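Enquirer: need a 3D model of the sequence below.
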Amino acid sequence: ESRRHAYDAEMNLAFADWQSGHVARVLELLKRQQPLPGQEDLRGFEWHYLQGLCLRANKGALRGHQGKVSAIAVNDRGWITAGDDGTIRIWEPDTGKLQSTIHTGADRVWGIANAPGSNRLAAALGDQQIRCFDLATSQPLNSAVTPTGYCSAVAMSRDGTTLVFGGNPLMVLR
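Expert: Numbers count the residues shown, from 1 in each chain. Prediction:
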């Protein structure tokens, strides 16, 4: 009985992780539910459904950037990639089809981050600026912020109100 409760709890976690874009964590939770020799197999439709989603998510290549991809994020709109060509691209996760492209005006994008359920995306740009973009319109949301020093990464709080960016030094913007 306790194994069934643990299975149910982990499948709920796996669904939440899938919705948050944490494919590796979903695969880890699924692997933990594989029965040991002599154990009853508790895996049901939900386990096989999530496994299929993960396998499709891990298949294929997203082609469209000119040069290397330097950053990847996932949200409810799809896969988001950024690269050495200065663009941010949003992909449909099930088909790999390109949904939209954001031209940042920079020569490259070092890092990207977004808040769950938000249309706001922050980008650390190659011209050493931080800029936020609206994913629905592909337009900048603010004037660029120029940190002091080198900036190669960006993160956004869950509620989308705080940015942390860094390289040298680490900075917080609210």
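
Enquirer: any weak-confidence spans in this protein?
Expert: Low-confidence segments of the chain (pLDDT under 70): 58-62, 94, 144, 146-150, 167-174.

Enquirer: next SSE after the longest helix seen in it?
Expert: Longest helix of the chain, by residue count under DSSP state H: helix 2-19. On the C-terminal side of helix 2-19, the closest following helix or strand by DSSP states H and E is helix 23-32.

Enquirer: so residue 33 sits right up against residue 7, yeah?
Expert: Yes - counting by Cβ atoms under 8 Å, residue 33 does reach residue 7; the two are 5.9 Å apart. Quick note: C-beta positions are derived from backbone N, CA and C, even for glycine.

Enquirer: looking at these two now, which is surrounded by more residues?
Expert: residue 33 (20 against 17; other Cβ atoms under 10 Å).

Enquirer: residues in contact with the more buried one?
Expert: 7, 10, 11, 42, 43, 47 (Cβ atoms under 8 Å, 6 or more residues apart in numbering).

Enquirer: next: residue 93.
Expert: 57, 74, 78, 79.

Enquirer: circling back to that earlier point, now the buried members of the contacts of residue 33.
Expert: 7, 10, 11, 43, 47 (16 or more other Cβ atoms under 10 Å).

Enquirer: what is the most widely separated pair among those?
Expert: Farthest-apart pair in the buried ones among the contacts of residue 33 is 10 and 43; separation 10.9 Å (Cβ to Cβ).

Enquirer: number of nearby residues for residue 5?
Expert: When neighbours are counted by other Cβ under 10 Å, residue 5 registers 9.

Enquirer: quick one: it from residue 63, how far?
Expert: Note on residue 5: its distance to residue 63, by Cβ to Cβ, to the nearest Å, is 44 Å.

Enquirer: go on, residue 124?
Expert: Applying Cβ to Cβ to residue 124 and residue 63 gives a distance of 24 Å.

Enquirer: okay, the buried ones among the contacts of residue 33 in JSON lines with distance to residue 19 next?
Expert: Shown next, in JSON lines, are the buried ones among the contacts of residue 33 (distance: Cβ to Cβ, whole Å):
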{"residue": "7", "distance to residue 19": "19"}
{"residue": "10", "distance to residue 19": "15"}
{"residue": "11", "distance to residue 19": "13"}
{"residue": "43", "distance to residue 19": "20"}
{"residue": "47", "distance to residue 19": "16"}
